[in-house]
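K.L.:
what follows is a predicted protein model with its sequence.
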Amino acid sequence: AVLYLMHPDQTAEIVALSGWDSRWLETRVRYDALFRTSNITEGHSPFQGYPPGIPTRTADEEGAHVRTGLMVPLVAQRKVVGAMIFHSTIRPNFSPGEEALLHALANAGAAAIQRADLIRNLREKITALEAAQQGLAAKERLERELEIARTVQQNMLPHTFPLLATYKFYARNEPARQVGGDFYDVFTLDENRIGIVIADVSDKGMPAAL
């Protein structure tokens, strides 16, 4: 017996063997080399010759002639997920009872593959969700840190200015992001002069603030 698993690129991979050399595992074959009939979802069909992906050898090399074969598609939810090919080196054909048994075995294999695929997809989604949660936690932590930095920066900027009879000073700072590279100050130079500083560092956000 040979178990093939379908891939999205329309190839089939040998994933399990019984009675054949294990060196042919992971061999890939074309879709049409495996399914020689258009009604592949309707049931089993005879399969002549060696299984695809396993080179034909003489009886002396193999130990016995391949006398009859049966290909059973693995169908899950009306989708072909793989196939099993059964061969006999003893009998010329399979009886109806044997065909029914092999078909039941293939159905069980299709269900197992479907469950494994669902489990794999679920694990991938869980991994992606965990990564998203970690990213969200990191983003929230960064936002908290930036909010703290914003508070520190706003507290560093002057909020009181010199009192003069002829002038009044006001200032408002709203960075484009949580923090920025703008700075201002108003201070007395001497009895007759006032110094005003307005600075703008290139860039935005944390690099400019630093």
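P.N.:
Arrived safely. Predicted model, so just to flag it, every value in this text is computed and none were measured.
K.L.:
quick one, helices of the chain?
P.N.:
31-34, 59-62, 96-156, 205-209 (DSSP state H).
K.L.:
worst average pLDDT in the ones you listed?
P.N.:
Here those differ in mean pLDDT, and the lowest is helix 59-62 at a mean of 56.
K.L.:
tell me the contacts of residue 24?
P.N.:
14, 17, 53, 54 (C-beta atoms under 8 Å, 6 or more residues apart in numbering). In short, each C-beta sits where N, CA and C put it, glycine included.
K.L.:
nearest spatial neighbour of the first one, skipping sequence neighbours?
P.N.:
Just to be clear, that refers to residue 14. Closest residue in space to residue 14, ignoring its immediate chain neighbours: residue 27 at 4.8 Å, by C-beta to C-beta, 6 or more residues apart in numbering.
K.L.:
then the second one?
P.N.:
Among residues not flanking residue 17 along the chain, residue 2 sits closest, at 5.8 Å (C-beta to C-beta, 6+ apart).
K.L.:
next, count neighbours for the one you found.
P.N.:
A count of neighbours around residue 2, defined by other C-beta atoms under 10 Å, yields 28.
K.L.:
what does residue 28 give?
P.N.:
When counting by other C-beta under 10 Å, one arrives at 14 neighbours for residue 28.
K.L.:
surely residue 158 meets residue 186?
P.N.:
Yes. Using C-beta atoms under 8 Å, residue 158 is in contact with residue 186, at 7.1 Å.
K.L.:
which neighbours do those two have in common?
P.N.:
By C-beta under 8 Å, 6+ apart, the residues touching both residue 158 and residue 186 are residue 171.
K.L.:
those two: which is more packed in?
P.N.:
Using other C-beta under 10 Å as the criterion, residue 158 and residue 186 rank with residue 186 on top: 18 against 13.
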